[in-house]
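Trainee: Predicted model follows, preceded by the sequence.
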Amino acid sequence: MSDNTRDIIRLSAADLGARIASGAVTSVQATQAHLDRIDAVDGAVHAYLHVAPELALAAAARVDAQIAAGEKLGPLAGVPIAVKDVLVTTDMPSTSGSKILEGYLSPFDATVVKKVREAGLIPLGKTNMDEFAMGSSTEHSAYGPTHNPWALDRIPGGSGGGSAAAVAGYEASIALGSDTGGSIRQPAHVTGTVGVKPTYGAVSRYGAIALASSLDQIGPVSRTVLDSALLQDIIGGHDPRDSTSLRTEWPSMADAARNANVQGLKIGVIKQLQGDGFQAGVLNRFTEALELLVANGAEIVELDAPSFEHAIAAYYLILPAEASSNLAKFDSVRFGLRVNPQGGGTVEDVMSATRDAGFGPEVKRRIILGTYALSAGYYDAYYGSAQKVRTLVQRDFAAAFSQVDVIASPTAPTTAFKLGEKLNDPLAMYLNDIATIPANLAGIPGITLPAGLADEDGLPVGIQFLAPAHEDARLYNVGGALEQLLVAQWGGHLLEQAPDLLELIAAAAEEGAR
Amino acid sequence: MARAELMDFDKALELFEPVMGFEVHVELNTKTKMFSEAPNVFGAEPNTGLTPLCLGLPGTLPVVNEQAVRYSISLGLALGCSIAESSSFARKNYFYPDTPKNYQISQFDEPIAFEGSVQIELADGTLIDIPVERAHMEEDAGKLTHVGGSSGRIQGADYSLVDYNRAGVPLVEIVTKPIYGGEHRSPEIAKAYVSAIRDIVVSLGISDAKMERGNLRCDANVSLRPRVAEGVETPPLGTRTETKNVNSLRSVERAVRYEIQRQAAILAKGGSITQETRHWHEDTGETSAGRPKSDADDYRYFPEPDLLPVVPSAELIAELRAALPEQPAVRRRRLKAEWGFTDLEFQDIQNSGLLTEVSETVAAGATPAAARKWWTGEIARLANAADADAASLISAADVAALAVLVEAGTLTDRLARQVLEGVIAGEGTPQQVVDARGLAVVSDDGALIAAIDEALAAQPDVLEKIRDGKVQAAGAVIGAVMKAMKGQADAARVRELVLERASA
């Protein structure tokens, strides 16, 4: 790998975009550099389910031609991007990590994909994920897990482990993710990257293969806060094809990130989102980050949010309920996998055989759970109660935000665990989302950015900030400020402390050979 | 299929009190579908004009059709309903291949319109208010064609074809409260109710309302409860059956009568009614058991998370209320006066459920008398013979065109009946049938005179007889001329010409 390639892939998306715009680097060069990197490392990382070199290089050449013709393009024009496989695309298969959609080509692009293409970004491929975004480790992908670029035997988080690993492993400058209960933020936390779940409705869900419609939100995955801000500026805004998308006039997130300042900022810390079950190294980095913010003019306010105790229980009723209905369309009749039972059968038999063969165990578990929760006689006790908890969570947030500007918490209780460690313990897996789920239940935005490495294992730790609905810019402000302070302290981005991925791969190969 | 035992209708009514309820589905004639921009058209090639949403493809999302909301509010207002300040959609979950998402977006606990009533008029002029519980918006399913097998149903079919053109067509479902006290007039009430709904949606212009095309579909719920002596506590409602998709006014009446007779026969023998959907068979005039249906049927309804509540502004409701057409009762009074009909003549139309057809025919240029005569006469006779609704045979425009041809003297009544048969047989418009079959009256005096000359040559004494005052002698010549002209002559004109010749 040439030095030039090495330099290009390590640039932030903003810097790479600036160099492409200035003509210092072409988009074709940048794209080729990332394709080379994918060739070199993705066999071990498995961040991608599908890579589209020809399409990417052709798109890059078009952007280069536009730049050569003097066209003024956006700040990320020509920058390679990874697209989570939950987003449908016309020119690459969209499987949502499931066998039931193997090879599925959509007749339309998801709105966010359309927007990033229009902004000149170059889709490199589709990234791995837990099947239908159900999971916190990508181990539930029907196509095999993704490996954490920090330690290949560890999970990259989930469900968007592929997008996070692609960005952390320099296999893409930036990526698109989806966050239903933490699927952008938790992977960012365990891979030393930045992830943002925008306000519910800030980004169109049209073309996102639905998991739980009232919780799903599309958002950016990147290495810097500014990069996520630039991407949210591109993908945000009202979409007439998504009735739940907001008509809000959004301020520039990039400006918020660039003009970051925490002087006088009131930061709430919630009792229920720390302590029991949180790894010491995670809590230490969290506390230090807060101290750094206080030293720079922020004020900390202790808050109580009693309803959060029930948030996971409520979430794991609402999500499966909606998912059981959203996933009903995968029945073999109009698209996707079809399995004919031996000796033939009725259409119901074919549907049943297809779903049995096409869905993995976690998907089946949640469909059964959701179907049960919605059943007559149980609806009030389960779905109904869960919706009440959801209302209480919203109230707790409203009360909190009447006192503070943003809320801070560790993003997840632990650093990256080992692949296989929690695979057979769904409840332990679900607890990973304890700090991220409340934001989805309330529809508010959240950001996570690297806070350092845990003392115990030297693995990355993230810090999460939450803001009131529509106030996504506050996240980029506080995130941008903290990032600046930490990078100054570390003398560079946290990812620079990651082990060399090529060496890890070589060592793993040697281990395997022995 | 074994024939069900039926009890004599009067006997059934002696023993039992029938209670009815109706669910009428109205397909709205909006430009596009309920939740997508796919065209809402009838009769296109199967599976054309579909959008990804019509197929439930991954990533698609519904968007509410504003026109459908306006139509639904108008219908709700015309049914005398309150319009919900906020109404919401829900998912009704069930697996069936005609339902692309395997759930139907409908309204559950928050319908757009609720608590109304519809006034209907029976044959003898009796007015009855039918209580409406709710009217809610939903999307239609696709259409399945079961190929092979004997029943045309999914059971036993070799394979089934799905046409998703209808999937997502906007529907309003109008649900009545239980209708008590119909007694022996229950079947008549059923028909009058559906007819009244049809009149309302036609006057609003929100549906094509063609029952034979399924634009208007009636599910009729019927239950019986035993009569008890005075002073004894009224028993609870009996178990009901739901007869689905009864696709003509005639059939609604027949299906209700049939179910009363069938259920009475079972109950009188000490049997019990199975709660189930039943299918109406137009050909045999019977219902047969469909799938069992119980109140525990579990559709796992929950709020549709992809859609926001529909919150119509007070201004919109006021605007739609102001634009409502006149009430059916008011309309009936007005039309009766405008058309100058007697009570009997008007009831004749009303009872045949042909008010809309006659009204449209008059609007298309026929005289009220001619419109009434054709619809309640020859067309009704043909419909009866064909076991079909008169409205399904011919359009109002064609009837009007026919009436105008008669009025202008181009057709005699006898010729017009032949033309009518041609139009119903699908040979084209009345004018096209006249041209193709060469049925027009011969109005060329030259041709008539030549025929008269020929007839007189054969009967030379006729002119003498007329001159002697025996005018009826002309009849023989007229008959001969009409025969020679194969009926395509105006007999009155022939008579005139014969008399002229005699006085010359």
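Mentor: Right, received. Where do you want to start? Residues are numbered from 1 along each chain as shown, chains lettered A, B, ... in the order given.

Trainee: Any regions of chain B where pLDDT drops low?
Mentor: Across chain B, the ranges flagged by pLDDT under 70 are B:1-2, B:150-155, B:292-296, B:443, B:504.

Trainee: Pull the contacting residues for the residue nearest the centre of it.
Mentor: Central residue of chain B (C-alpha atoms, centre = their mean): residue B:211, 4.6 Å from the mean position. By C-beta atoms under 8 Å, 6 or more residues apart in numbering or on different chains, residue B:211 lies in contact with B:198, B:217-218, B:247-249, B:389, B:391-392. For glycine as for every other residue, the C-beta is placed from the backbone atoms N, C-alpha and C.

Trainee: Go through the residues you listed and say which is closest to chain A.
Mentor: Chain A has its nearest neighbour among the contacts of residue B:211 in residue B:217, at 23.3 Å by C-beta to the nearest C-beta.

Trainee: looking at this, the closest one is in a helix?
Mentor: No: under DSSP: H, G, I helix; E, B strand; the rest coil, residue B:217 falls outside any helix and is assigned strand.

Trainee: My guess is it contacts residue B:247. True?
Mentor: Yes: with contacts defined as C-beta atoms under 8 Å, residue B:217 counts as touching residue B:247 at a distance of 6.6 Å.

Trainee: re the thing from before, phi first, then psi, for the residue nearest to the centre of chain B.
Mentor: Dihedral pair for residue B:211: phi -70, psi -40, per degrees, to the nearest 10.

Trainee: if I look at it, how far off is residue B:163?
Mentor: Applying C-beta to C-beta, to the nearest Å, the value for residue B:211 to residue B:163 is 20 Å.

Trainee: Next: residue A:274.
Mentor: 58 Å.

Trainee: again, but for residue B:406
Mentor: Counting by C-beta to C-beta, the gap between residue B:406 and residue B:163 amounts to 41 Å.

Trainee: between the two, who's got more neighbours?
Mentor: For residue B:406 and residue B:163, the more surrounded residue by other C-beta atoms under 10 Å in any protein chain shown is residue B:406, and the numbers stand at 21 against 17.

Trainee: so the more buried one makes contact with residue B:371?
Mentor: No: here residue B:406 does not reach residue B:371: they are 11.6 Å apart, not a contact under C-beta under 8 Å.

Trainee: so what's whatever residue of the stretch 151-300 of chain B ends up closest to chain A up against?
Mentor: The nearest approach of the stretch 151-300 of chain B to chain A comes at residue B:300, 3.8 Å away (C-beta to the nearest C-beta). Going by C-beta under 8 Å, 6+ apart, residue B:300 touches A:324-325, A:371, A:374-376, A:379, B:91, B:93.

Trainee: out of these, which are inside helices?
Mentor: Among the contacts of residue B:300, the members falling in helices (DSSP state H) are A:324-325, A:371, A:374.

Trainee: Quick one: the strands in the chain, in order.
Mentor: With no chain named, the answer covers chain A. All strands of chain A, identified by DSSP state E, fall at A:48-51, A:80-84, A:122-127, A:174-178, A:194-197, A:218-222, A:266-270, A:299-303, A:406-410, A:446-453, A:460-466.

Trainee: please go with chain B instead
Mentor: In order along the chain, chain B carries the following strands (DSSP E): B:16-27, B:82-83, B:90-93, B:103-106, B:113-121, B:127-139, B:143-147, B:159-163, B:170-176, B:216-226, B:241-246, B:276-281, B:286-292, B:302-303.

Trainee: can you give me the offset of the last one from its chain's centre?
Mentor: So that's strand B:302-303. 34 Å (C-alpha atoms, centre = their mean, to the nearest Å).

Trainee: between the strands of chain B, which one is nearest to residue A:341?
Mentor: strand B:159-163 (15.4 Å; C-beta to C-beta).
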